[in-house]
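Student: curious how this folds, go ahead:
(chains A, B, C and D)
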There are 2 protein chains.
Amino acid sequence: MTDTVVFLLGKLGQLATNRFADRLAPLGLRPRHCGVLELLRVAPMAQLDLARRLDVAASVIVDMLDQLEAVGAVRRTRDVADRRRQLVELTPEGESLCRQAAHLARRVDAELLATLEPGHAASARDVLGRLAVAHGIPTDAAAGPR
Amino acid sequence: MTDTVVFLLGKLGQLATNRFADRLAPLGLRPRHCGVLELLRVAPMAQLDLARRLDVAASVIVDMLDQLEAVGAVRRTRDVADRRRQLVELTPEGESLCRQAAHLARRVDAELLATLEPGHAASARDVLGRLAVAHGIPTDAAAGPR
DNA sequence: TATTGTTATACTCTATAACTATA
DNA sequence: TATAGTTATAGAGTATAACAATA
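Tutor: The predicted model follows:
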């Protein structure tokens, strides 16, 4: 049973996420913040729009934005047209943190794939991308232009 | 950044584990119990040996065994030679639950890979197995004879 | 003293419901 | 009444330290 795809994905996902979390910690970021930063890098967005795009609960967005605001990565501004809404935008500091996080992610990738032959590493990227698409996980490629 | 291996492994691992957890729930099991059951299927073992083999804290083992005892899957018996130790063994009910869990795991595997072409599905199994070995995740193959 | 198992504590992540203020 | 955001609460997972019994 421990050689099934579901079991291996679970273990490897946990291992990869823990390692990424360790690298992000000095930046004051956590892995789940990265999806938020990347969406906001394209355009400012209301909180519930973020929640829908990331498929998480509204209360989780509030918490994450509190943390991102604390490190100066985002700014919330009341929408003058509809005063219920907060428009969330990336600060210059947030842009910088997003770039640094992306760099760290690529470094962790290299480590995770380090012992694989180049062909197997390429195969890993390919098949994980296919699985993500198959299960509706939004990726950069699916999100549109950079 | 959301198209990195570390990010995709994290998301897919979470998705796979959640789906597996839903399927296991009617059995009174959780995904993390499966590693315990599979080790005990080979031979009874003391609790700290389980902890070392599974690389989890001793207190986590206590908690998991409490849950597995509650569903009748395992039995703890005091070691007469060293009365500090508890020998943990699988009950016939535990054997049955282990087989049912393995069946469910293979079903979830089939679903996860359903939309992939056979070649890509085989590639997924291959590359996840290689990554597991590379990072010291114990699998059936590494654990010895069945 | 060291080891086995247990309990207590705490922190993260996730999910839900109740609440406010605006519309 | 419906929506945007917030707060409170609870559950699972994980990690550490303190503790009792035994060696």
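
Student: roughly how far apart are A:Ala110 and A:His33?
Tutor: Going from A:Ala110 to A:His33 by Cβ to Cβ, to the nearest Å gives 21 Å. In short, each C-beta sits where N, CA and C put it, glycine included.

Student: hang on, A:Gly10 packs against B:Asn18?
Tutor: No: counting by Cβ atoms under 8 Å, A:Gly10 sits too far from B:Asn18 to count as a contact (9.5 Å).

Student: more neighbours: the two, which one.
Tutor: Between A:Gly10 and B:Asn18, counting by other Cβ atoms under 10 Å in any protein chain shown, A:Gly10 is the more crowded of the two (25 against 11).

Student: ok, the more buried one - contacts?
Tutor: B:Gly13, B:Ala16, B:Thr17, B:Phe20, B:Pro31 (Cβ atoms under 8 Å, 6 or more residues apart in numbering or on different chains).

Student: tell me which entries of those residues lie within helices.
Tutor: Within the contacts of A:Gly10, residues falling in helices by DSSP state H are B:Gly13, B:Ala16, B:Thr17, B:Phe20.

Student: in PyMOL, select just the buried ones from those.
Tutor: With 16 or more other Cβ atoms under 10 Å in any protein chain shown as the burial test, the buried ones among those are selected in PyMOL as follows:
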select buried, chain B and resi 13+16+17+20
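
Student: show me which of the ones in helices among the contacts of A:Gly10 is closest to A:Leu104.
Tutor: Nearest to A:Leu104, judged by Cβ to Cβ, of these is B:Gly13 at 18.9 Å.

Student: name the nearest residue to that closest one, ignoring sequence neighbours.
Tutor: Distances taken as Cβ to Cβ, 6 or more residues apart in numbering or on different chains put A:Gly13 closest to B:Gly13, at 1.9 Å, once the chain neighbours are dropped.

Student: where's the one you found relative to DNA strand C, distance?
Tutor: Using Cβ to the nearest atom of the strand, to the nearest Å, A:Gly13 is found at 11 Å from DNA strand C.

Student: is it true that that residue touches B:Val5?
Tutor: No: here A:Gly13 does not reach B:Val5: they are 10.5 Å apart, not a contact under Cβ under 8 Å.

Student: from A:Ile61, how far out is A:Val88?
Tutor: Noted for A:Val88: a distance of 9 Å to A:Ile61, by Cβ to Cβ.

Student: brain fart, A:Glu111
Tutor: From A:Glu111 to A:Ile61 the distance is 30 Å (Cβ to Cβ).

Student: A:Arg106 now?
Tutor: Distance, A:Arg106 to A:Ile61, using Cβ to Cβ: 26 Å.

Student: neighbour-wise, which of the two wins?
Tutor: Counted by other Cβ under 10 Å, A:Arg106 and A:Ile61 do not tie: A:Ile61 has more neighbours, with 20 against 14.

Student: which residues touch that one?
Tutor: Counting by Cβ under 8 Å, 6+ apart, A:Ile61 touches A:Val36, A:Gln47, A:Leu48, A:Leu50, A:Ala51, A:Leu54.

Student: taking chain A, what residue is nearest to chain B?
Tutor: Residue nearest to chain B within chain A: A:Gly13 (1.9 Å; Cβ to the nearest Cβ).

Student: how near is A:Leu131 to B:Leu97?
Tutor: Taking Cβ to Cβ, one finds A:Leu131 at 28 Å from B:Leu97.

Student: in what helix or strand does the closest residue to A:Asp140 other than its chain neighbours lie?
Tutor: Spatial nearest neighbour of A:Asp140, excluding adjacent residues (Cβ to Cβ, 6+ apart): B:Asp3 at 4.4 Å. Assigned by DSSP states H and E, B:Asp3 falls within no helix or strand.

Student: could you report the neighbour count for B:Asp3?
Tutor: By other Cβ under 10 Å, 20 other residues sit near B:Asp3.

Student: these two touch, right, it and A:Thr139?
Tutor: Yes: using Cβ under 8 Å, B:Asp3 is in contact with A:Thr139, at 4.4 Å.

Student: give me the common contacts of those two.
Tutor: Listed as contacting both B:Asp3 and A:Thr139 by Cβ under 8 Å, 6+ apart are A:Gly129.

Student: and chain A, which residues reach DNA strand D?
Tutor: Residues of chain A found near DNA strand D (Cβ under 7 Å from any atom of the strand) are A:14, A:18, A:46-49, A:58-59, A:61-63, A:65-66, A:76, A:82, A:84-86.

Student: strands of chain A, residue ranges please.
Tutor: Using DSSP state E, the strands found in chain A span residues A:45-46, A:74-78, A:86-90.
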